[in-house]
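> I need the structure of the sequence given here:
(chains A and B)
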Amino acid sequence: MILLDDVHKAFGSKQVLQGLTLRVGTGESCVIIGGSGTGKSICLKCVLGLVTPDSGTITVDGQDVQAGDRDAFLARFGMLFQGGALFDSLSVWQNVAFRLMRGTQKRPKAQAREIAIEKLRRVGLKPDVADLFPSELSGGMQKRVGLARAIAAEPEIIFFDEPTTGLDPIMAGVINDLIREIVTEMGATAVTITHDMSSVRAIADKVAMLHDGKIRWHGPVAEIDTTDDPYLRQFVTGSAKGPIEAVR
Amino acid sequence: MTVLLAPLAAIGRSTLAMLAAMGQVTIYAGRAVSHILRPPFYPREFFWQLLQIGWLSLPVVGLTALFTGGALALQIYAGGSRFNAEAVVPQIVAIGIVRELGPVLGGLMVAGRVAAAIAAEIGTMKVTEQIDALVTLSTHPLKYLTVPRLLAATISLPVLVAVGDAIGIFGGYLVSTTRLGFNEAAYLRNTVDFLEVWDVSSGLIKGAAFGFIVALMGCYHGMNSGRGAQGVGRATTNAVVSASILILATNYLLTELFFTA
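Now for the predicted structure:
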């Protein structure tokens, strides 16, 4: 279980997280929604230790994320970054097998390549993509390679940062379905950040809405259309009128 | 009064910012050096950087040395002729190249080529979240990106300087024997007889120091790059400018240390 308790984070005078509290159960798929610049990505980066919160506690299965063996802790995670964050200097299969060729999960090169090709196939990419470089791929293919890399070491927890941003609706649908299938199949805990309501409906068990640095609303995905919360209603309907200021 | 104090305040702010930057660079360098002997090691990245920094810099360093050696021979001949000292061209070209011009110009040329490339590459990796991705894949960016570049530059620069020395002396030889009427065998004998081991090795030590500076500035500014194309552009410029200034300052300090004691 991932637990964020009263987490605060500021960058200079800008308060991003202002007492964020969120619980994500094991095996649950939680989607965090909210306007741009509300701190959704910072929230994930705090869990991974990429950003240190100013105050508050973050634990994963009761273990403080800032304490203990970092390598063992990070080995439990996979992450799909917004832009893919593929390493330009490495081929596609080397990107996917990056973790499998280093550190505690290191294995022979041939085996790592075989696993990488299997994961590429899992995300709908043919084996001949394996030897290409990221710059030779389309945006949708890069996202799928990023997804393959996130699941390559079969992590217990997977984070998806805006997995469908910049993709056409069909490719976005493909990525959403893949995420749902993979999370269900692996039994992984998943936290997804998105603005895309079709992603929310396809991926989420539970939805949390972040606003003004706090969780404004959380509940099952089935309740997002029937909620009385004016902030969530405005976000779901995409209306310019409502309590969330359009100019931020 | 406020008007009078404003320039002093600006100087104070700049001084504090410069001292803070020096402190940050020193801490960064210390952390990078402390990782050199601690596993995991990345030999593939090291050899790749050796190729990128060392091998691919050979043409620019070689051409710089060739033309500098030739120009130096012409200058010394013209200057020496004022007091009938034209005959010292081989000796002065040799000592000028191996002690000063070889390492300094080699370092500056590599700073322009390599520090810029390193800062742009790492800066782009930072703004596209590749550095964050490295961390989530249990890979320390300092170990994976900085250490191989520091080692490769520190090792390859002395080799480049040695090659540059040879080419620079050859440039002087070529101009002296074809344009200034020097005897070929006598020119080479004068050069070899005059040079001492310390002349060459001091230049190689300078080269190692300059290599370290070039990679350090490239990595530091890349890792601290701002957002977007403008941020990466600024990091690249800062890397080249700071590496060049540090090379010139370090050259003076090492020359004081080596030759005035």
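> what about the longest helix in chain B?
Ranked by residue count, the top helix of chain B under DSSP state H comes out as helix B:2-36.
> report whether that helix contacts chain A.
No - Helix B:2-36 lies out of reach of chain A by C-beta under 8 Å from any C-beta of the partner chain, never closer than 14.6 Å. Any C-beta I mention is one placed from the backbone N, CA and C, and that applies to glycine too.
> quick one: low-confidence ranges for the chain?
Answering for chain A, as no chain was given. A:246-248 (pLDDT under 70).
> wrong one, chain B
In chain B, residues with pLDDT under 70: B:1, B:261.
> ok, and what's touching the following helix or strand past the longest helix of chain B?
Downstream of helix B:2-36, the next assigned helix or strand under DSSP states H and E is helix B:43-49. Residues outside helix B:43-49 that contact it (C-beta atoms under 8 Å, 6 or more residues apart in numbering or on different chains): B:144, B:145, B:148, B:149, B:151, B:152, B:153.
> near chain A, which residues of the stretch 1-150 of chain B show up?
B:40, B:124-125, B:128-130, B:132-139.
> make it 10 Å
B:40, B:42, B:44-45, B:48, B:121, B:124-125, B:127-140, B:144 (C-beta under 10 Å from any C-beta of the partner chain).
> residue A:244 reaches residue A:230, doesn't it?
Yes - with contacts counted by C-beta atoms under 10 Å, residue A:244 reaches residue A:230, the gap being 8.7 Å.
> and stretch A:222-237, which residues are buried?
Of the residues in stretch A:222-237, A:224, A:229, A:231, A:232, A:233, A:234, A:235, A:236 count as buried by neighbour count, 16 or more other C-beta atoms under 10 Å in any protein chain shown.
> without its sequence neighbours, what residue ends up closest to the second one?
Right, residue A:229. residue A:217 (4.7 Å; C-beta to C-beta, 6 or more residues apart in numbering or on different chains).
> returning to what we had before: if we take the buried residues of stretch A:222-237, which one ends up nearest to chain B?
Closest approach between the buried residues of stretch A:222-237 and chain B, by C-beta to the nearest C-beta: residue A:235, at 25.0 Å.
> does the closest one really touch residue A:208, like I thought?
No - between residue A:235 and residue A:208 there is no contact under C-beta under 10 Å: 11.8 Å.
> what's the overlap in contacts for the two?
A:33, A:34, A:216, A:217 (C-beta atoms under 10 Å, 6 or more residues apart in numbering or on different chains).
> which SSE is the third one in?
When elements are defined using DSSP H and E, residue A:216 is found to belong to strand A:214-220.
> which strands or helices does that strand pack on?
Judged by 3 or more C-beta pairs under 10 Å, 6 or more residues apart in numbering or on different chains; DSSP states H and E, strand A:214-220 is in contact with strand A:2-11, strand A:14-24, strand A:29-33, strand A:206-211, helix A:230-237.
> please redo it, this time with the cut-off set to 6 Å
The elements that strand A:214-220 packs onto, with contact taken as 3 or more C-beta pairs under 6 Å, 6 or more residues apart in numbering or on different chains; DSSP states H and E, are strand A:14-24, strand A:206-211.
> for chain B, find the nearest of these.
Ranking those by proximity to chain B (C-beta to the nearest C-beta) places strand A:14-24 first, at 14.4 Å.
> what about the residue in chain A that chain B sits nearest to, neighbour count?
Relative to chain B, the nearest point of chain A is residue A:85 (4.0 Å; C-beta to the nearest C-beta). A count of nearby residues for residue A:85, using other C-beta atoms under 10 Å in any protein chain shown, gives 24.
> need the three-state assignment for it.
Three-state call for residue A:85 (DSSP: H, G, I helix; E, B strand; the rest coil): coil.
> surely it touches residue B:131?
No - using C-beta atoms under 6 Å as the test, residue A:85 is too far from residue B:131 to be in contact (8.7 Å).
> for the longest helix that chain A contains, packing partners?
Of all segments of type helix in chain A, defined using DSSP H, the longest is helix A:169-186. Counting contacts by 3+ C-beta pairs under 6 Å, 6+ apart, helix A:169-186 packs against helix A:139-151, helix A:197-203.
> so what's residue 105 up against?
No chain specified, so I'll use chain A. Neighbouring residues of residue A:105 by C-beta atoms under 6 Å, 6 or more residues apart in numbering or on different chains: A:99, A:153.
> oops, wrong one, chain B.
By C-beta under 6 Å, 6+ apart, the neighbours of residue B:105 are B:64, B:68.
> what do you get for the one 10 residues further on?
The contact partners of residue B:115, by C-beta under 6 Å, 6+ apart, come to B:214, B:217, B:218, B:239, B:240, B:243.
> residue closest to the middle of the chain?
Unless you meant another one, I'm taking chain A. Geometric centre of chain A, nearest residue: residue A:160, 1.8 Å, by C-alpha atoms, centre = their mean.
> try chain B instead
residue B:107 (2.5 Å).
> gap between that residue and residue B:153?
Distance, residue B:107 to residue B:153, by C-beta to C-beta, to the nearest Å: 10 Å.
> sorry, back to before: and the contacts of residue B:115, which of them are in strands?
Using DSSP state E, no member of the contacts of residue B:115 sits in strands.
> among those residues, who's most crowded?
residue B:214 leads the contacts of residue B:115 on contacts (other C-beta under 10 Å) with 34 neighbours.
> distance check, it against chain A.
Separation of residue B:214 from chain A (C-beta to the nearest C-beta, to the nearest Å): 20 Å.
> could you do residue B:247 as well?
For residue B:247, the distance to chain A equals 27 Å [C-beta to the nearest C-beta].
> from the contact counts, what lies against the helix or strand where that residue lies?
Remark: residue B:247 resides in helix B:228-259, with elements defined by DSSP H and E. Helix B:228-259 is packed against helix B:102-110, helix B:116-127, helix B:197-223, with contacts defined by 3+ C-beta pairs under 6 Å, 6+ apart.
> buried residues in it?
Neighbour count says helix B:228-259 has B:231-232, B:234-236, B:238-240, B:242-244, B:246-247, B:250-251, B:254, B:258 buried, by 16+ other C-beta under 10 Å.
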